[in-house]
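Asks: I need the structure of the sequence given here:
(one chain, ligands or ions: 1)
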Amino acid sequence: MINFSPYRDIEFADRKHIRKIQESLLQKHARYCAENSPFYNRLLEKAGVSVDDMTLERLTDIPLTSKEDIGTDNDAFIAAPSERIVDIVFSSGTTGVPTKIAYTEHDLRRLAYNERQSLESTGIGSTDRVLLTCTMDRCFVAGLAYFLGTRSIGAAAVRNGHGTLESHTEIIRRIVPTVVIGVPSFLLKLAVHLDASGIDPVGSSVQKLICIGEPVRGSDLQPLPLGRKLKEIWDADVYSTYASSETVSTFCECTEENGGHLHPELAVVEILDEGGQKVETGETGEVVLTPLAVEGMPLLRFRTGDISFLIEEACACGRRSIRLGPILTRKKQMIKLKGTTLYPQSIALALEEIPVVKEHFLEVSSDNTLSDAVTVHVAVSDSDWDAGRIAELLQSRLRVKPRVIIEPLDVIHNQIFSPRYRKPMRFIDRRES
Ligand SMILES: [Zn+2]
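Replies: Model (predicted):
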């Protein structure tokens with residue numbers, strides 16, 4: 001069991017020191033996996049990789065682990081005896097079959113420490129009151145993680161979870177939270193509701209928004225239209241945080257808002273190209289994580305399926321840990337249209353810059369082996385605009401012309417805010433996998 005307290009300030013140390021600590025924790029972690037995880041015991045033996053004196057360079061000798069590997073042989077990943085498991089969750093079922101993940105008491109302490117490091121970097125302190133709009137139950141880990149982190153800081157947690165807009169409004173009126181954690185599009189709806197209820201979000205107690213699950217910043221680290229709207233409507237600082245149930249290691253933006261800091265005592269991050277090779281720092285590829293010092297379901301080189309890039313330059317906040325850019329897309333969502341690779345987010349961004357577009361979603365299906373068929377569904381505020389005009393504007397931004405269909409706003413809303421999904425769903429993938 002590792003006590004993380006001595007590592008509280010490691011991100012401010014020089015790179016050499018960070019590397020030394022990270023490598024010694026990696027050695028312990030790789031050994032733990034080899035000795036306790038049936039899956040890794042087999043995998044390492046088959047690949048002929050010794051975990052003795054593991055180094056950050058030699059880590060790449062270990063084969064990658066995918067979400068599908070865990071789904072296929074879930075129990076073989078559990079590395080702690082049942083008497084030490086204290087919490088069991090499912091990873092979100094957005095891709096494939098949900099995965100069962102088990103945490104030990106140590107893992108929950110590690111999670112609390114991880115969120116404390118992250119939330120503190122946004123300036124949250126013990127006098128803050130933090131409204132959590134993400135659920136604590138239904139076998140999700142996110143709400144629990146933010147609750148543990150908030151407690152660990154000594155701030156007050158306000159656990160309203162998936163409450164109604166009315167109940168969150170009442171809480172903002174009575175408990176005057178200074179921070180709200182939630183999905184950005186929900187935070188936007190909440191501001192509109194507050195305003196309609198006679199509370200001006202700008203004058204409200206809320207000073208910080210911690211955004212999860214949807215991007216608020218683009219690849220240039222500038223706010224996306226959604227991020228800009230949130231900042232304006234709340235007059236609050238908007239921060240993005242990224243993690244997954246499998247990796248329980250967060251990348252959270254600091255007050256400088258220029259990428260999410262890696263906590264190097266908690267994870268090793270790699271960015272890989274389609275062939276599984278490391279890309280140059282700054283280049284875009286799949287985020288692969290080795291979360292350190294996890295007991296219940298330890299992982300080595302886990303492919304997150306998320307696409308981003310690393311930022312190496314020192315941050316003005318004084319931390320020297322490497323940073324992760326915004327998640328640009330999921331690997332499975334990348335679209336090939338007439339020879340051009342597109343991210344769903346680029347199409348969404350182009351749409352959001354057309355003032356008459358009120359709402360939109362994207363539908364992708366298999367056309368032929370070389371190209372996907374892309375249909376953009378939009379609701380517009382001006383009936384003079386037809387689908388052709390929107391398609392042409394999109395072509396000028398994206399270089400390729402998707403098919404556009406104009407539909408009534410309520411039809412589009414029913415699709416996006418379906419109760420079947422946890423988050424607004426603006427991307428429907430009908431391609432054969
Ligand atoms: Zn920073």
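
Asks: List the buried residues for stretch 9-23?
Replies: 10, 11, 13, 18, 21, 22, 23 (16 or more other C-beta atoms under 10 Å). Heads up, the C-betas are built off the backbone N, CA and C, glycines and all.

Asks: pLDDT score assigned to the second one?
Replies: Right, the one you point to is residue 11. On the pLDDT scale, residue 11 is placed at 96.

Asks: just to revisit the earlier point, and the buried residues of stretch 9-23, which two are furthest apart?
Replies: 11 and 23 (16.0 Å; C-beta to C-beta).

Asks: secondary structure class for the most far-flung residue of the chain relative to its centre?
Replies: In terms of distance from the mean C-alpha position of the chain, residue 384 ranks first, at 38.5 Å (C-alpha atoms, centre = their mean). Secondary structure assignment for residue 384 (DSSP: H, G, I helix; E, B strand; the rest coil): coil.

Asks: all strands of the stretch 151-300 of the chain, in order?
Replies: 156-159, 179-182, 208-211, 237-242, 251-253, 260-261, 267-272, 285-291 (DSSP state E, counting those that start in this stretch).

Asks: Show the secondary-structure elements that the fourth one is packed against.
Replies: The criterion is 3 or more C-beta pairs under 8 Å, 6 or more residues apart in numbering; DSSP states H and E, and the helices and strands that strand 237-242 contacts are strand 208-211, helix 225-234, strand 251-253, strand 260-261.

Asks: Let me see the residues that make contact with the second one.
Replies: The set of residues external to helix 225-234 that reach it, using C-beta atoms under 8 Å, 6 or more residues apart in numbering, is 184-185, 187-188, 191-192, 195, 201-202, 204, 206, 209, 211, 214-217, 223, 236-238, 240, 349, 352-353.

Asks: hmm, which of these are the buried ones?
Replies: For these, buried by 16+ other C-beta under 10 Å: 184-185, 187-188, 191, 201, 204, 206, 209, 211, 214-217, 223, 236-238, 240, 349, 352.

Asks: Among the residues you listed, which ones are in helices?
Replies: 184, 185, 187, 188, 191, 349, 352 (DSSP state H).

Asks: and the two most separated of those residues?
Replies: 191 and 349 (21.0 Å).

Asks: Any regions of this structure where pLDDT drops low?
Replies: 92-97, 368-369, 422, 433 (pLDDT under 70).

Asks: The ion contacts on that one?
Replies: For the chain, the contact set with the ion under C-beta under 5 Å from the ion comprises 254, 256, 315, 317, 319.

Asks: Is there a neighbour count for the fourth one? I'd like the number.
Replies: When neighbours are counted by other C-beta atoms under 10 Å, residue 317 registers 17.

Asks: returning to that earlier point: I'd like the ones in helices among the buried ones among the contacts of helix 225-234 laid out as a markdown table, including distance to residue 327.
Replies: Listed next are these as a markdown table, based on distance: C-beta to C-beta, whole Å:
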| residue | distance to residue 327 |
| --- | --- |
| 184 | 13 |
| 185 | 15 |
| 187 | 18 |
| 188 | 19 |
| 191 | 23 |
| 349 | 14 |
| 352 | 17 |
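
Asks: Right, I'll call it a day here.
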